[in-house]
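S.K.: Here's a sequence, model it:
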Amino acid sequence: MLNKNRILYGQVISNKMNKTVTVVVNRIIKHSKYGKFIKRTTKLHVHDIYNSNIGDKVHITECRPISKTKSWKIIKK
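M.R.: I've put the predicted structure just below:
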């Protein structure tokens, strides 16, 4: 069966919460008018069962809402 959840790749920037880390996801988009490539970043709160440290590269996927701001979980460290 095909997994339809999005999988993103990011870096842990904060691990001060209990079972939660903050992950920054970088992406590059093309400007619609000028065609220049622009870097965009997104910070996500992610459920963490692996006790990740700051600087770890992680793969994250969407999941059911765990709290008000957490709808992602780590699948690979």
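S.K.: Which stretches in the protein count as strands?
M.R.: With strands called from DSSP state E, the chain shows them at 7-17, 20-30, 37-47, 57-62, 70-76.
S.K.: Columns mean pLDDT and mean neighbour count on top of the ones you listed, output as a markdown table?
M.R.: C-beta coordinates here come from the backbone N, C-alpha and C atoms, glycine included. Shown next, in a markdown table, are the strands of the chain (pLDDT from 0 to 100; neighbours: other Cβ atoms under 10 Å):
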| stretch | mean pLDDT | mean neighbour count |
| --- | --- | --- |
| strand 7-17 | 96 | 15 |
| strand 20-30 | 97 | 15 |
| strand 37-47 | 97 | 13 |
| strand 57-62 | 96 | 16 |
| strand 70-76 | 94 | 17 |
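S.K.: so Leu44 touches Thr20, yeah?
M.R.: No - between Leu44 and Thr20 there is no contact under Cβ atoms under 8 Å: 10.4 Å.
S.K.: Identify the residues contacting the residue lying closest to Arg6 once chain neighbours are set aside.
M.R.: Spatial nearest neighbour of Arg6, chain neighbours left out: Glu62 (5.4 Å); criterion: Cβ to Cβ, 6 or more residues apart in numbering. For Glu62, the residues meeting the contact criterion (Cβ atoms under 8 Å, 6 or more residues apart in numbering) are 5-6, 71-72.
S.K.: and of the residues you listed, the nearest to Asn53?
M.R.: Trp72 (17.8 Å; Cβ to Cβ).
S.K.: Hmm, Val46 and the closest one touching each other?
M.R.: Yes - with contact defined as Cβ under 8 Å, Trp72 reaches Val46; the gap is 4.5 Å.
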